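> Structure of the sequence below:
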Amino acid sequence: MEVYNSLKDKIQAKKAKIGIIGLGYVGLPLAIAFSKKGYIVYGIDTNPKHIEYLNKGERYIVDVDPRDVLTLIRKKRFLPTVDASVLRNCDCIIICVPTPLRKVKMPDISYVLAASRTIKKYLKNQLIVLESTSYPATTREVVLPSLVETGQQPEKDFFLCFSPERVNPADKKFPLTKIPKIVGGFSEKSTELARILYSKIIKKVFPVSSPEVAETAKLLENTFRLVNIALANEFAIVCNKLGISVWEVIEAAKTKPFGFMPFYPGPGLGGHCIPIDPLYLSWKAKKLGFKTKMIDLASYINHFMPKYVTERLKKILHSHNMYLNGAKILIIGVAYKKDVKDLRESPAIEIIETLQAKGANVSFCDPFLPYLKIHGIDLKRIKINSKKLKTFDCVIIVTDHTNVDYAFIKNNAKLIFDTRNVYKQGGKNIIKL
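Modelled structure (predicted):
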């Protein structure tokens, strides 16, 4: 009880020092939120460039204002560093490292394992929280064994919990502090410590009975979206075959006030969550002798969409007496979603690669990305003007951005393939997904 009560008192009094491992889209906003509430936060990242950007006041995460970062650094409330030894000063440590998927669709937990081994060196009377999304039992099977190698006892000498990140980059309506937090520890004590800690920055914290419940809840959230987006994408293909607009069909269906939630088709899925997280569950289920047919099929459909886009474009060009080979194509938006510069799993990359392989001359415009390098070919962002737009055979809208003048594009582009329904009211030069 002594360690538990000491940690509890420190957290309540804001005297607990917090260490956050990984200063990306999850870790950095979390670090700033705690720092603003009066905690001293050590931000640890293995990339020296990230620390350099922070100390210079340069933005690399869209949701964090560099001015806030500099103010907190000057007040010594936020201490970014590559030196992991600062963890010995911390009472609470939160792991926010990447959990990518290997090419063979197996979870890559090497970053979580590395963070656990680092914490093990400095473990002493601390609350450890894993936020990195992974398969059920990662906290129990990966993090816990590493920590108990120190000889310290869980739920007595240290406390361990899982709390899934729910960050939605560039979402001004639901920033980190307005999204309810799930916490699941190995005992009521670890869950309560995590609940108290997160309640200092988040209004609603929802405790669950175990880390496995918290881990699986995160996977259910993203699997729900994966499956329903796949359904919308399949409907888009069927509606095209029927010669009707999938967008009009969705608008009509969503007038029903119950039993229906609109999801929208697109050129494919991107980002670090929806295309990847459900496959952690699929992998874990296979280990247990069960095949998740719905997850696997939904993943297949969504991964098919970039190919569908290029095939549709081929037919569109043919109908205008043009061919992909030699066509001049402009891609609008290469990040996986609007107003971010995150390229992870972006369908635009596969679309560009396929178009290039078929002989198309591809250019791009994305306000958040100055250049791209694909298969050794450098693509520089172009600035759009009426003269340049008229030189392209077709403009493909892959990602819509709030600061792109689509009315200007509509009035000047010869042919537009709108995969995001940017143009609610069509036009002769606009063809929708």
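> C-alpha from now on. contacts and neighbour counts both.
Will do.
> show me where the stretch 301-433 of the chain has helices.
347-357, 386-389, 406-412 (DSSP state H, counting those that start in this stretch).
> Would you mark the buried spots in the second one?
To tie it back to what came earlier, the one meant is helix 386-389. Within helix 386-389, the residues scored as buried using 16 or more other Cα atoms under 10 Å are Leu389.
> Quick one: distance of that helix to the chain centre.
With Cα atoms, centre = their mean, to the nearest Å as the basis, helix 386-389 stands 34 Å off its chain's centre.
> got it, and stretch 30-50?
The chain centroid and the centroid of stretch 30-50 are separated by 19 Å, computed with Cα atoms, centre = their mean.
> Only C-alpha atoms, please: export that stretch in PDB.
Extracted C-alpha coordinates of stretch 30-50, given in PDB (Å, rounded to 0.1, in the frame of the first residue of the first chain):
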ATOM      1  CA  LEU A  30      -0.400  14.100 -24.400                       C
ATOM      2  CA  ALA A  31       2.800  15.600 -23.000                       C
ATOM      3  CA  ILE A  32       1.600  19.100 -23.700                       C
ATOM      4  CA  ALA A  33      -1.800  18.500 -22.100                       C
ATOM      5  CA  PHE A  34      -0.100  17.300 -18.900                       C
ATOM      6  CA  SER A  35       2.400  20.100 -18.900                       C
ATOM      7  CA  LYS A  36      -0.300  22.700 -19.200                       C
ATOM      8  CA  LYS A  37      -2.000  21.200 -16.200                       C
ATOM      9  CA  GLY A  38       1.100  21.900 -14.100                       C
ATOM     10  CA  TYR A  39       3.000  18.500 -14.300                       C
ATOM     11  CA  ILE A  40       6.600  18.300 -15.100                       C
ATOM     12  CA  VAL A  41       6.800  16.100 -18.200                       C
ATOM     13  CA  TYR A  42       9.900  14.400 -19.700                       C
ATOM     14  CA  GLY A  43       9.400  13.700 -23.400                       C
ATOM     15  CA  ILE A  44      11.600  11.000 -24.700                       C
ATOM     16  CA  ASP A  45      12.100  10.300 -28.400                       C
ATOM     17  CA  THR A  46      14.800   8.400 -30.300                       C
ATOM     18  CA  ASN A  47      14.700  10.800 -33.200                       C
ATOM     19  CA  PRO A  48      17.000  13.800 -32.500                       C
ATOM     20  CA  LYS A  49      15.200  15.800 -35.200                       C
ATOM     21  CA  HIS A  50      12.000  15.800 -33.200                       C
END
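> circling back to that earlier point, can I get the helices of the stretch 301-433 of the chain in TSV including mean pLDDT and distance to Ala33?
Putting those into TSV (pLDDT from 0 to 100; distance: least, Cα to Cα, whole Å) gives the following:
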stretch	mean pLDDT	distance to Ala33
helix 347-357	94	32
helix 386-389	90	43
helix 406-412	93	35
